[in-house]
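Chemist: give me coordinates for this.
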Amino acid sequence: MAENDNLILAFESSCDETSVAVIKNGNEILSNIVATQIKSHQRFGGVVPEVASRHHIEEINICIDDAMQEANVSYDDLDAVAVTYGPGLVGSLLVGLTAAKMVAWAHDLPLIPVNHIMGHIYASAFNQEIVFPALALVVSGGHTELVHMPKKGVFEIIGETRDDAAGEAYDKIGRVLGLQYPAGKKVDELAFEGKDTFNFPRAMNDDDNFDFSFSGLKSSFINTVHHAEQINQVLSKNDLSASFQDAVVDVLVHKTKKAIDDLDVNEFILAGGVAANSQLRNEFDKLFNNNYKNIIFEKAPLKLCGDNAAMIGAAAYPLYQLGVFADNSLNANPGLEFEYKKD
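Modeler: Numbering: from 1, shown residues only. Here you go, the predicted structure:
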């Protein structure tokens with residue numbers, strides 16, 4: 001390691017992935033260990049908080065050891081410890097927080113508190129450094145929000161879902177289609193083979209704001225399927241998936257375009273678990289190629305769209321530079337949010 005290299009040991013345990021990573025200079029992954037719990041939660045059709053917490057306890061020390069060994073570093077090489085402290089499941093967050101605080105205390109290292117959403121946004125930093133002012137669309141199982149970043153370290157929510165997150169809606173309609181949790185990837189695959197024949201609603205598309213709503217779309221989908229079952233009508237899963245996905249993508253792209261036209265931004269970032277959706281990525285590619293060639297468009301790397309500690313380490317680097325540290329009183333904040341942009 002060069003003398004001026006910065007090494008951060010990062011922890012992520014906000015939901016159902018236990019992850020520890022070592023990140024160099026905010027943009028190089030030396031290790032990124034992820035212990036997934038998907039199979040444990042599939043039988044329940046979604047994440048069970050108590051089960052998730054138990055798995056984090058079982059995996060966290062293994063992940064620490066594996067991350068340090070894969071990165072080939074010692075604790076003396078580290079400059080800081082970073083950890084997700086919210087938003088997320090409180091029990092899950094506490095496992096990562098406890099482990100991170102113990103490492104920081106034992107090795108006299110500064111502790112950096114990281115907002116999980118900031119982590120998703122900074123996954124794009126592994127492609128290139130963020131150019132401010134910037135706008136991010138974070139779309140996942142638990143979150144759908146547009147975040148304005150006028151400068152480094154400032155995050156302002158300008159729009160968010162009023163009800164279901166986009167990824168949550170995918171999982172709920174996936175259950176109706178008989179798909180295993182998580183359903184997003186399979187719905188995306190089915191949609192590729194289908195057509196939008198049902199014309200599901202695009203809620204709030206014409207409203208004078210940047211907010212989203214997917215509850216009505218979800219209900220319309222479920223009602224359509226249940227009505228067909230009652231009259232013994234067989235509907236195409238491919239067409240149902242295509243119709244649902246077209247509605248989701250249309251709204252996400254439309255609201256983002258509206259925000260870009262309203263703001264002065266140099267970069268747009270697509271991040272979060274649903275950012276791995278092929279149709280969403282393709283539609284944004286078209287939008288920026290045709291309309292915004294002067295704005296940088298960055299997508300979070302596919303392997304970093306889901307929850308992982310590498311993105312937390314990337315987000316921690318600018319906080320380290322800004323001197324944003326916490327002490328051992330840092331607690332989990334399951335409802336943590338960015339500030340809302342003032343008019």
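Chemist: check which helix or strand covers N282.
Modeler: In the assignment (DSSP states H and E), N282 maps to helix 278-291.
Chemist: which strands and helices lie in contact with that helix?
Modeler: helix 184-192, helix 237-262, strand 267-271, strand 296-299 (3 or more Cβ pairs under 8 Å, 6 or more residues apart in numbering; DSSP states H and E). Heads up, the C-betas are built off the backbone N, CA and C, glycines and all.
Chemist: outside of that helix, which residues touch it?
Modeler: 139, 188, 191-192, 245-246, 248-249, 252-253, 256-257, 268, 270, 274-275, 295, 297, 299 (Cβ atoms under 8 Å, 6 or more residues apart in numbering).
Chemist: just the buried members of those residues?
Modeler: Neighbour-count burial (16 or more other Cβ atoms under 10 Å) is assigned, among the contacts of helix 278-291, to 139, 188, 191, 245-246, 248-249, 252-253, 256-257, 268, 270, 274-275, 295, 297, 299.
Chemist: mind listing the strands for the stretch 51-200 of the chain?
Modeler: For the stretch 51-200 of the chain, applying DSSP state E, counting those that start in this stretch gives strands covering 80-86, 111-115, 134-139, 144-149, 156-160.
Chemist: tell me what angle the third one forms with strand 144-149.
Modeler: Here strand 134-139 runs at an angle of 160 degrees relative to strand 144-149 (axes from the mean of the first three to the mean of the last three Cα atoms, to 10 degrees).
Chemist: ok, the one residue sitting closest to the centre of the chain to T84 distance?
Modeler: Centroid-nearest residue in the chain: G272, 2.8 Å away (criterion: Cα atoms, centre = their mean). To T84, G272 is 14 Å away according to Cβ to Cβ, to the nearest Å.
Chemist: what's the answer for E156, then?
Modeler: E156 is 20 Å from T84, by Cβ to Cβ.
Chemist: more neighbours: the two, which one.
Modeler: More neighbours surround T84 than the other of E156 and T84, with 34 against 14 (other Cβ atoms under 10 Å).
Chemist: how much space between the more buried one and A100?
Modeler: Distance of T84 to A100, given as Cβ to Cβ: 9 Å.
Chemist: just Y292 next, same as before
Modeler: As judged by Cβ to Cβ, Y292 and A100 stand 39 Å apart.
Chemist: quick one: which of those two has more around it?
Modeler: Remark: of Y292 and A100, A100 carries more neighbours, 31 against 16, as counted by other Cβ under 10 Å.
Chemist: find the nearest non-adjacent residue to the more buried one, please.
Modeler: The spatially closest residue to A100, leaving aside those adjacent along the chain, is V83, at 3.6 Å (Cβ to Cβ, 6 or more residues apart in numbering).
Chemist: so what's the one you found up against?
Modeler: 10-12, 96-97, 99-101, 111-114, 312, 330.
Chemist: of all these, which comes closest to R54?
Modeler: Ranked by distance to R54 (Cβ to Cβ), those are led by G96 at 13.9 Å.
Chemist: low pLDDT regions in the stretch 1-150 of the chain?
Modeler: Along the stretch 1-150 of the chain, the model assigns pLDDT under 70 to residues 1-2, 37-38, 40, 43-44.
Chemist: helices of that one, start to end?
Modeler: Shown for the stretch 1-150 of the chain, the helices assigned by DSSP state H, counting those that start in this stretch span residues 38-42, 49-71, 90-106, 116-122.
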